[in-house]
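*Asks:* Mind looking at a prediction? Sequence and model below.
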Amino acid sequence: MNDHKWLKILVAVALAASSCIYAQEWRAYGGDAGGTRYSPLKQIDLSNVNRLKVAWSFHTGDMSDGTELAAHSSFEATPLVVDGLMYITTPFSRVIALDPETGKQVWAFDPKIDKDATVPLYVSRGAAWSTDGKSSRVIVGTLDGRLYSLDPKTGKPDEKFGKNGFVDLRLGVAEDFPDKHLGMTSPPAIYKNVVICGSITADEVPKGPRGDIRGYDAVTGKLLWTFHSAARPGEFGGDTWLLDSWKDRSAVNAWSNLSVDTQRGIVYVPLTSPGYDYYGGDRKGNDLFSDSLVALDATTGKRLWHYQVIHHDLWDYDLPSQPTLMDIKQDGKTIPAVVVETKSGLAFVFNRVTGKPIWPINEVPVPASDVPGEQTSPTQPIPSKPASIARTTFTPEDLTNISQQAHDYCAGLLNGATLGGTYTPVGLKPTLFWPGSLGGANWGSGSFDPTTHLFYINTSEIGNFQYMAKSPEGSEVAYRSRGASKGGTKFVDQDGYPCQRPPWGVLTAIDMDTGEFKWRSTLGVVDALTAKGIPPTGISNLGGSLVTAGGLLFIAATNDSRFRAFDKMTGKELWTVLLPAVAHATPMTYTGPKNRKQYIAISVGGIGKKITDELVVYALP
């Protein structure tokens, strides 16, 4: 055998070994750069999942019930496991390294955020891992707008990164608004030596820190490029903001996760609504690139293509989910695709290279607003496939049937109200639109199985019930939204349950080769109702799923404090365990670096009646 053939064999062996190592780890928030949340591990499978037990747990010590500190905390992080260590972030932006087999703390880094500062929520969904093959680093953004590069073995900041060991993310976007919030709650995306950052900004005001997307050098922290999320005059989309309404426009940010096609060097950015969420009279036009999926050159930040899924957003619909990259098959051909699901209950699927929709998307006429000064878009895009993943209409026949008392209460709320569905603008009298801003899909995002081409999405079924009230003279916004019931802006009955017939939480599997539903299952229970003999209703949920080669789909997310495993092919619930509290987080899995045992981890301590700070890790006994 000649040297050339030996070299090919050695390269193949090295690649196989590398692939095996990656399969046993969890190197990115979504499992991989494309956010599939898929693991090839199969030690835990259909035959033994019901034997899972708690292997270990860890308390971070970081939590707040809102009484002593400025806000509540929500423990929503998905851990990373790389090179023999687990990395978890806390609601206070601390990073903790743990032994992944025992939960023993190895180190902790505290950026010491100002806990007296006003924030909507203490939260961090995770960190990112960056390596050039020679050196590696843990990259984390903080709630108060700092970007750190940490030594993965010690947790010490790299003093050569940025200035004094961190990059100030407020520079360039927030100097004119020192009292307005800007930070990171989701990890950055990584492409080679580029750290790509979105942000969370103040969206309750029309003017504030800008939501620009920026790329930084992973070693030095130097700013490499900036993409203006609110297009400026002379730029593509600049003409969609009338009367310079782009200027100092708050939000239009990516507070959720970005995805990267590492083969092609493309980063996919899910952008959100402009501030202020529910009134756009001061920003007439389609407001690009708000509520758009934007594909950028990851090296330069140049726009490659975009698609705006909501024009002139008046519903706080955002694009909350991480775009999921997948290869699908049609007519015998493999198509590189990207899917993004929305709060509006729709899923949009594109060729991720060209931006062309996989299935036709139709511009459909929608109602106009009766709010003075408002100018709604006459149409909104509706995909022909897949079908709506959440309820998008409502009629009196859809009112709740859990009890006559609840039915009559909810029917009374509708007297004189405007009944609508998706893209019904909130008017001067109580208006119901569906799904609400906490309905449909959210930041938990979907999971994709590359072996079956099934895509899994969990959704909440709840509407918004509100009206627009004129603001006092001299206010920043001419009209503001007000809740129209005891549930505030939620359409709920006297006990806080949704006013429509169940299910209130749904898990859906979609065949991405055809765009057709494979199965749908009710997700979650309300214990007080099942105690009365009412069948499982499903329940609101916040967090994502994990799909594995073991034939399983794992998901917590639900407000009933359960962690579940489903048969990924049928949707049958196979395993359910009661957690210490609500788990508004996405699970992950990995193999112990020494004992070769498969573990499943979930962060517990979401927004609920009980506040906690516990990472719970399961394994077979």
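*Replies:* Happy to help now that I have it.
*Asks:* OK, contacts around the residue lying closest to residue 287 once chain neighbours are set aside?
*Replies:* Distances taken as Cβ to Cβ, 6 or more residues apart in numbering put residue 274 closest to residue 287, at 5.2 Å, once the chain neighbours are dropped. Where C-beta positions appear, they are placed from N, C-alpha and C, glycine not excepted. Residue 274 is in contact with 203, 206, 230, 249, 250, 251, 252, 280, 283, 287, 290, 313, counting by Cβ atoms under 8 Å, 6 or more residues apart in numbering.
*Asks:* Also residue 111?
*Replies:* Contact analysis of residue 111 by Cβ under 8 Å, 6+ apart lists 93, 94, 142, 144, 146, 148, 166.
*Asks:* Count the residues that sit near residue 617.
*Replies:* Burial measure for residue 617: 24 neighbouring residues, criterion other Cβ atoms under 10 Å.
*Asks:* Please name every helix or strand in contact with the helix or strand where residue 129 lies.
*Replies:* Element membership for residue 129, per DSSP states H and E: strand 128-131. The elements that strand 128-131 packs onto, with contact taken as 3 or more Cβ pairs under 8 Å, 6 or more residues apart in numbering; DSSP states H and E, are strand 80-82, strand 136-141, strand 189-191.
*Asks:* Assess the claim that residue 266 and residue 352 are in contact.
*Replies:* Yes. Between residue 266 and residue 352 there is a contact under Cβ atoms under 8 Å: 7.0 Å.
*Asks:* residues shared between the contacts of the two?
*Replies:* Common contact partners of residue 266 and residue 352 (Cβ under 8 Å, 6+ apart): residue 295.
*Asks:* higher neighbour count, those two?
*Replies:* Using other Cβ under 10 Å, the more surrounded residue of residue 266 and residue 352 is residue 352, with 28 against 22.
*Asks:* which residue packs closest to the more buried one, ignoring adjacent ones?
*Replies:* Nearest non-adjacent residue to residue 352, counting by Cβ to Cβ, 6+ apart: residue 338, 3.8 Å away.
*Asks:* bridging residues for that neighbour?
*Replies:* residue 325, residue 350 (DSSP bridges).
*Asks:* what number of residues lie near it?
*Replies:* 25.
*Asks:* isn't it right next to residue 322, touching?
*Replies:* No. Counting by Cβ under 8 Å, residue 338 sits too far from residue 322 to count as a contact (10.4 Å).
*Asks:* shared neighbours, these two?
*Replies:* In contact with both residue 338 and residue 322: residue 259, using Cβ under 8 Å, 6+ apart.
*Asks:* Tell me who's in contact with the spatially closest residue to residue 616 that is not a sequence neighbour.
*Replies:* By the measure of Cβ to Cβ, 6+ apart, the closest residue to residue 616 outside its immediate chain neighbours is residue 57, 4.8 Å from it. Counting by Cβ under 8 Å, 6+ apart, residue 57 touches 103, 614, 615, 616, 617.
*Asks:* Neighbours of the residue nearest to residue 89 when sequence neighbours are not counted, how many?
*Replies:* In this structure, residue 89 finds its nearest non-sequential neighbour in residue 124, 4.1 Å apart by Cβ to Cβ, 6+ apart. Residue 124 has 29 neighbouring residues, counting by other Cβ under 10 Å.
*Asks:* Residue 523 now?
*Replies:* Neighbour count for residue 523, taken as other Cβ under 10 Å: 30.
*Asks:* ok, now which ones touch it?
*Replies:* So residue 523 contacts 458, 503, 505, 506, 507, 538, 539, 541, 555, 557, 558, 564 (Cβ under 8 Å, 6+ apart).
*Asks:* can you pick the most crowded of these?
*Replies:* residue 557 (31 neighbours).
*Asks:* If you tally nearby residues, what's the number for the residue nearest to that one when sequence neighbours are not counted?
*Replies:* Nearest-residue entry for residue 557: residue 543, 3.4 Å, with adjacent residues in sequence omitted and distances by Cβ to Cβ, 6+ apart. Using other Cβ under 10 Å, residue 543 has 25 other residues around it.
*Asks:* Tell me who's in contact with residue 543.
*Replies:* Applying Cβ under 8 Å, 6+ apart, the residues contacting residue 543 are 76, 444, 458, 555, 556, 557, 583, 584, 585, 586, 606.
*Asks:* Please repeat the previous calculation with a cut-off of 10 Å.
*Replies:* Going by Cβ atoms under 10 Å, 6 or more residues apart in numbering, residue 543 touches 76, 78, 125, 442-445, 458, 555-558, 582-587, 602-603, 606.
*Asks:* Could you measure from it over to residue 441?
*Replies:* Distance, residue 543 to residue 441, using Cβ to Cβ, to the nearest Å: 11 Å.
*Asks:* same question, residue 380
*Replies:* 17 Å.
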